[in-house]
Structures are given as C-alpha cells and as structure tokens.
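[1] structure, please.
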Amino acid sequence: MKLFIGNLDDKIQSSHLREAFQEFGKVNSAKVIKDKSTGKSKGFGFIDMPNKEEAVKVIEDVNGGKWEGKVITIREAY
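    Model prediction:
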C-alpha cells in the first residue's frame, strides 16, 4: 500500500522517512519529493508498505501527529 506523507520538515530525507516508518512494519520504498531546480524538499513524500494492515495502522496511529515540530498528514496515495 502506497502512503502519502505530507507537511514534512525540510530536514527530512528519504532515509529518515524509511527509518521512521520501519517501526510499524516492512517498508519497500521511501522517497521525499524534491524540487528539480533547487534540490530542496517539497515537504512531502511517499512510502510503500507491502502489508496493508500495517499501512492502515500507520494512518490510524500517526496521521495528525508531530514530527520535527510539524503536524504531518498521512493518507493512502492513489
């Protein structure tokens, strides 16, 4: 299940995203989206978790929580 992670702090990198969400289960991929011209984070990213139940638990438990002082948004990506 692919998840959208929004309102990320600029310091968050793809490796941080993977590490943080591996606490909830297996993460196949994690990517913070960056601006092509500046290389800076656009403030959102995606993770792919193969186990749907673990991904749903992430949405339920983490959506609206704080990370690096910012309230993050997590939802299924379509």
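
[2] can we go C-alpha only for contacts and neighbour counts from here?
    Noted.

[3] what's the distance between Asn63 and Ser37?
    Relative to Ser37, Asn63 is positioned 30 Å away (criterion: Cα to Cα, to the nearest Å).

[4] those two - which one has more neighbours?
    Neighbour totals were compared for Asn63 and Ser37, and Asn63 leads with 16 against 6 (other Cα atoms under 10 Å).

[5] I'd like to know how far the more buried one sits from Leu3.
    Going from Asn63 to Leu3 by Cα to Cα gives 11 Å.

[6] so when I look at Glu54, I'm seeing a helix, right?
    Yes - read with DSSP: H, G, I helix; E, B strand; the rest coil, Glu54 is one of the residues of a helix.

[7] next one: it, what pLDDT does it get?
    Model confidence at Glu54, expressed as pLDDT, equals 97.

[8] isn't it up against Val27?
    No - under the criterion of Cα atoms under 8 Å, Glu54 makes no contact with Val27, lying 9.8 Å away.

[9] comparing those two, which residue is more hemmed in?
    Under the criterion of other Cα under 10 Å, the comparison of Glu54 against Val27 puts Val27 first, with 22 against 17.

[10] ok but Ala30 is inside a strand, no?
    Yes - if the criterion is three-state DSSP, then Ala30 is within a strand.

[11] is it in a bridge, and if so with what?
    With beta bridges defined as DSSP bridges, Ala30 has these partners: Ile47.

[12] give the residue spans of this protein that score low on pLDDT.
    Low-confidence segments of the chain, defined by pLDDT under 70: none present.

[13] helices of that one, residue ranges please.
    Remark: helices assigned in the chain by DSSP state H are 14-21, 52-62.

[14] who's in contact with Asn51?
    The neighbourhood of Asn51, defined by Cα atoms under 8 Å, 6 or more residues apart in numbering, consists of 1, 25-26.

[15] now do 6 Å
    Residues near Asn51 by Cα atoms under 6 Å, 6 or more residues apart in numbering: none.

[16] ok, now how distant is it from Gly65?
    Relative to Gly65, Asn51 is positioned 22 Å away (criterion: Cα to Cα).
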